[in-house]
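[1] Sequence first, predicted coordinates after that:
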Amino acid sequence: MKTLVSGIAGATLLLSGIAIHAASQETSSIDPQIHKLFTKLDVNKDGFIEKKEAAKEKDLSTDFDKISKNGKLDESGFATWKVAKVNPSRMNPSNSSVD
């Protein structure tokens, strides 16, 4: 019985470590300024921007219903939206010109 409990505890720790590592990799690929703004907007620190929190940034508030899922926007979705706002041609390849 002790071995089974130890095995389950070990597996739980391993999976927790994998999840934390994956989360840190996802965050590290986001521009630090975008991450800082996301953190500032996420007032309740639940890892999502909700409509009430989005109201602090006019452009985000305007686009929120189009880009959020179930009334929440995660950091990856926020970063994608922010990059598109700053440089729309990066998000739409048909805007690039080839001579």
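    Structure received.

[2] is it fair to say Leu73 lies in a helix?
    No - counting by DSSP: H, G, I helix; E, B strand; the rest coil, Leu73 is located in no helix; its state is strand.

[3] what sits against it?
    Phe48, Ile49, Glu50, Ala54, Phe64, Ile67, Trp81 (C-beta atoms under 8 Å, 6 or more residues apart in numbering). C-beta coordinates here come from the backbone N, C-alpha and C atoms, glycine included.

[4] Quick one: residues contacting the first one.
    When the contact criterion is C-beta under 8 Å, 6+ apart, the partners of Phe48 are Asp42, Lys72, Leu73, Asp74.

[5] Likewise for the fifth one?
    Applying C-beta under 8 Å, 6+ apart, one finds that Phe64 lies in contact with Lys51, Ala54, Leu73.

[6] could you redo the last one with a cut-off of 6 Å?
    By C-beta atoms under 6 Å, 6 or more residues apart in numbering, the contact list for Phe64 reads Lys51, Ala54.

[7] can you check the second one too?
    Contacts for Ile49 were tallied using C-beta under 6 Å, 6+ apart; they are Leu41, Asp42, Leu73.

[8] does it count as helix, strand or coil?
    strand.

[9] what's the closest non-adjacent residue to it?
    In space, and not counting its chain neighbours, Ile49 is closest to Leu73: 4.5 Å by C-beta to C-beta, 6 or more residues apart in numbering.

[10] Relative to Val83, how far out is that neighbour?
    The spacing between Leu73 and Val83, counted by C-beta to C-beta, to the nearest Å, is 14 Å.

[11] Quick check: phi and psi on Ser61?
    Note on Ser61: backbone dihedrals following degrees, to the nearest 10 are phi -60, psi -40.

[12] wait, isn't it in contact with Glu53?
    No - Ser61 is beyond contact range of Glu53, at 9.6 Å (criterion: C-beta atoms under 6 Å).

[13] neighbour-wise, which of the two wins?
    In terms of neighbours (other C-beta atoms under 10 Å), Glu53 is the more surrounded of Ser61 and Glu53; the figures are 21 against 14.

[14] Run through who's touching the strand or helix carrying that one.
    Per DSSP states H and E: Glu53 is located in helix 51-54. With contact meaning C-beta under 6 Å, 6+ apart, helix 51-54 is reached by Leu41, Val43, Leu60, Ser61, Phe64, Gly71.
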